[in-house]
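S.K.: this is the structure alone, sequence omitted:
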DNA sequence: AGTAGTTAGTGATACGATTAACTTCACACA
DNA sequence: TGTGTGAAGTTAATCGTATCACTAACTACT
């Protein structure tokens, strides 16, 4: 490999001069600079090696994103995709790289080892060890959705209120037997009906908040929340959602279901079709997110601005990196989008 | 920041011992190792800093992906998404990071500066300078789709034959007035009808091959290719495709259109709707890729295994990194999927 | 002429870690 | 007693770059 030293030698200047030629052109005379660049080109020098530069300068030119579970979700899960799209939309990514950081199953030794200048964290369990690693490295962090960490800016929505509104929409349509399908309360592989004990152990702040919202809405309407069926899919995709939805619909007589994501809601639609239930005549379904998929399924859903969330998170992170004072948390608005999957209780 | 040196000092051992504790546990006695780890934990040491480690060892623990244009396409363009999904599916990404490398518009100074151990390149123009940078840094490369570089493994499909088959399908249905919509022939901002001169200047190998395939099929059927309307969208998304499709349909009397992607084909469907053309009665449309979107639009399309492509590319790259002998190029099969957007010429 | 200020460039060090080569020590064996 | 051996650590070199502190030469001004 050809290094700065080689270029310096060949050009008959000091290594520092070569460095300046690239990073601080105004420190060199125009002629010298050109001579150095030409020598570099002649030797096939590709410019300062980022690792060396990074070690010295402490900056790497990459921003990291930490996502739950495997990287697959980054390209598979619709709302995660929207988030990333938003992050990347920030024009700053013309000369920054985006690094997706996997969370190894064990969770112990994060692959995250300081290759990034800052990290956007999305939907991690409250106590994930990778967060400690991050903080002890002093890497600037912005959190989207969860968890809430002292001293770390958060971008999110009013999950409790939004969840309440989801249920209230159904109650307003006359439904009294409402079911709930959630993605995951604890990342322990469990799937199936959830009781109060497990509810209390939920490690994902967003889910916890949403469930509390459901509870508030139900109880305000005089329903006993312990008798409201709540099922946990154990995953985020249809493959996890459909079986859970089938279970929910077969074991309980519900006229409406709310999901903690559009994917869960679409899983319910799928299950309803298998069970020959008509939507919305026999069953109303309300999702969450308003992902692109929601529109094409005619899904009534709670819209949250995922793309905007991403964009905002990236901007906050850049502010942090710039050394600006710590930005305030941001709470984005949500909105119920009425489509064809919810209707009056028959 | 707490470094190895600090831990070593606190634990009363040499700095090398700390390194061994993390990377070569068998070189230390069990007790010593535990003592070191405990000291590390006590000091809040987060493990070896990747930049330092990378500088010394030459490995960074990250794989890069170079995509055309902005990173936005990574999460927006359906077939790119599938490719990435495939790449990431390789279980190796449990402890490797994936870095998306932007190509700054200028194209001169790639942000790519050696933070990655290897790179998967997707659909770049033949002469993109970033490729030179890559090679002069000696970073292992695998190319997907394009360009074809001497000594660099390539994963792709038989683009020419597949394109031929696309057109032959329409010819077989009796169509004689066929139009073509392509994403981009040269990344120069142009959009509109393409003549033979521009065709010849096309810098994207895949597109060039496809167009040649179209030409072969047309000429085999006795059509003069210079009279076959070909329009360039100038971009990869619907926003670019729809205007191009409108132009194609308004300026030419065609009974069928082939697109170089499903997105282009869907843009044609969109344009047809605006122009009150019935599909497939008035207009047949054939796409390329069989992206998820194709199914929901009932699009007849040329399926190519994008996810598999990604998976394979990742595996080839890992082989390269392992030091295996250079793997052979791979050509994956394609298959025409008949759906509702193509029918006999009325 | 003498002094201050600017410009263009050099020398040296530090960033945080890996790893080859070497030392030390304990133990076994003849 | 001397020698060989393996285990457990240490020493020191090195990776490629950025940048502070400095110098030499030149300009400008009084």
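M.R.: Sure thing, it's come through. Being a predicted model, the structure only gives us computed values, none of them experimental.

S.K.: and chain A, which residues reach DNA strand D?
M.R.: A:1, A:3-5, A:15-16, A:19-20, A:22-24, A:47-49, A:51-53, A:55-57 (C-beta under 7 Å from any atom of the strand). Every C-beta, even on glycine, is put in place using the N, C-alpha and C of the backbone.

S.K.: what is the burial count for residue A:237?
M.R.: Counted with other C-beta atoms under 10 Å in any protein chain shown, the neighbours of residue A:237 add up to 18.

S.K.: for it, give me its contacts.
M.R.: A:76, A:77, A:263 (C-beta atoms under 8 Å, 6 or more residues apart in numbering or on different chains).

S.K.: hmm, back to that, check the residues of chain A next to DNA strand D for burial and list the buried ones.
M.R.: A:4, A:19, A:20, A:22, A:47, A:48, A:49, A:51, A:52, A:53, A:55 (16 or more other C-beta atoms under 10 Å in any protein chain shown).

S.K.: just the residues you listed: which are in strands?
M.R.: Secondary structure from DSSP state E places none of these in strands.

S.K.: ok, and which of these reach DNA strand C?
M.R.: Okay, of those touching DNA strand C (C-beta under 7 Å from any atom of the strand), that's A:20, A:55.

S.K.: need the max-distance pair from the buried ones among the residues of chain A next to DNA strand D.
M.R.: A:20 and A:51 (19.7 Å; C-beta to C-beta).

S.K.: run a quick neighbour tally on the spatially closest residue to residue A:278 that is not a sequence neighbour.
M.R.: Among residues not flanking residue A:278 along the chain, residue A:272 sits closest, at 7.7 Å (C-beta to C-beta, 6 or more residues apart in numbering or on different chains). A total of 21 residues lie near residue A:272 under the criterion other C-beta under 10 Å.

S.K.: one step back: would you format the contacts of residue A:237 as a markdown table with neighbour count, distance to residue B:316 and secondary structure included?
M.R.: Formatted as a markdown table, those follow (neighbours: other C-beta atoms under 10 Å in any protein chain shown; distance: C-beta to C-beta, whole Å; DSSP: H, G, I helix; E, B strand; the rest coil):
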| residue | neighbour count | distance to residue B:316 | secondary structure |
| --- | --- | --- | --- |
| A:76 | 19 | 23 | helix |
| A:77 | 23 | 27 | coil |
| A:263 | 28 | 32 | helix |
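
S.K.: let's have those in a markdown table, adding pLDDT.
M.R.: Compiled in a markdown table, the contacts of residue A:237 are given as follows (pLDDT from 0 to 100):
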| residue | pLDDT |
| --- | --- |
| A:76 | 90 |
| A:77 | 93 |
| A:263 | 97 |
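
S.K.: show me which of those is closest to residue B:154.
M.R.: Using C-beta to C-beta, the contacts of residue A:237 come closest to residue B:154 at residue A:76, 26.1 Å.

S.K.: what is the burial count for the closest residue in space to that closest one that isn't next to it in sequence?
M.R.: With sequence-adjacent residues excluded and distances taken as C-beta to C-beta, 6+ apart, residue A:76 is closest to residue B:85, at 6.0 Å. By other C-beta under 10 Å, 19 other residues sit near residue B:85.

S.K.: got the angle for the strand or helix carrying residue B:85 vs helix A:78-89?
M.R.: Applying DSSP states H and E as the criterion places residue B:85 in helix B:78-89. Relative orientation of helix B:78-89 versus helix A:78-89 (axes from the mean of the first three to the mean of the last three C-alpha atoms, to 10 degrees): 100 degrees.

S.K.: show me what helix B:78-89 is packed against.
M.R.: In terms of contacts (3 or more C-beta pairs under 8 Å, 6 or more residues apart in numbering or on different chains; DSSP states H and E), helix B:78-89 is packed against helix A:72-76, strand B:62-66, helix B:72-76, strand B:97-101, strand B:118-122, helix B:262-274, helix B:292-296, helix B:306-322.

S.K.: what's the angle between that helix and helix B:306-322?
M.R.: 40 degrees.

S.K.: any idea of the mean pLDDT for helix B:78-89?
M.R.: Helix B:78-89 carries an average pLDDT of 95.

S.K.: same check, this time on stretch A:162-169
M.R.: So the average pLDDT for stretch A:162-169 ends up being 98.

S.K.: helix, strand, or coil at residue A:142?
M.R.: strand (DSSP: H, G, I helix; E, B strand; the rest coil).

S.K.: whoops, I mixed them up, residue A:336
M.R.: Classification of residue A:336 by three-state DSSP places it in strand.

S.K.: quick one, grab the pLDDT at it.
M.R.: At residue A:336, pLDDT is 98.

S.K.: residues touching it, list them.
M.R.: A:165, A:166, A:169, A:300, A:301, A:302, A:303.

S.K.: leaving out chain neighbours, which residue sits closest to the last one?
M.R.: The shortest distance from residue A:303 to any non-neighbouring residue, by C-beta to C-beta, 6+ apart, is to residue A:290 (3.6 Å).

S.K.: what does chain A have sitting close to DNA strand C?
M.R.: Going by C-beta under 7 Å from any atom of the strand, the residues of chain A near DNA strand C are A:13-17, A:20, A:27-29, A:31-33, A:55-56.

S.K.: which secondary structure state does the nearest residue to residue A:282 once chain neighbours are set aside sit in?
M.R.: Closest residue to residue A:282 apart from its sequence neighbours, by C-beta to C-beta, 6+ apart: residue A:346 at 6.9 Å. Recorded secondary structure, residue A:346: coil (three-state DSSP).

S.K.: quick check: pLDDT value at the closest residue to residue A:103 other than its chain neighbours.
M.R.: Excluding the flanking residues, the one nearest residue A:103 by C-beta to C-beta, 6+ apart is residue A:130, at 6.0 Å. pLDDT, residue A:130: 83.

S.K.: ok, residue A:130 touching residue A:66?
M.R.: Yes: contact status for residue A:130 versus residue A:66: in contact at 6.4 Å, counting by C-beta atoms under 8 Å.

S.K.: list the contacts of the residue nearest the centre of chain A.
M.R.: What sits nearest the mean C-alpha location of chain A, by C-alpha atoms, centre = their mean, is residue A:122, with 3.7 Å. Contacts for residue A:122 (C-beta under 8 Å, 6+ apart) come out as A:65, A:66, A:67, A:68, A:80, A:83, A:143, A:144, A:145.

S.K.: do the same with residue A:88
M.R.: So residue A:88 contacts A:98, A:310, A:314, B:70, B:71, B:72, B:74, B:75, B:100 (C-beta under 8 Å, 6+ apart).

S.K.: neighbour-wise, which of those leads?
M.R.: Busiest of these [other C-beta under 10 Å] is residue A:314, holding 29 neighbours.

S.K.: which residues of chain A fall in helices?
M.R.: A:4-11, A:15-23, A:30-43, A:50-57, A:72-76, A:78-89, A:129-136, A:159-172, A:196-201, A:205-220, A:238-251, A:262-274, A:292-296, A:306-322 (DSSP state H).

S.K.: about what we covered before: any chance of the contacts of residue A:237 in CSV, with distance to residue A:233 too?
M.R.: Listed next are the contacts of residue A:237 as CSV, based on distance: C-beta to C-beta, whole Å:
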residue, distance to residue A:233
A:76, 15
A:77, 13
A:263, 9
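
S.K.: quick one: which of these is nearest residue B:138?
M.R.: residue A:76 (33.5 Å).
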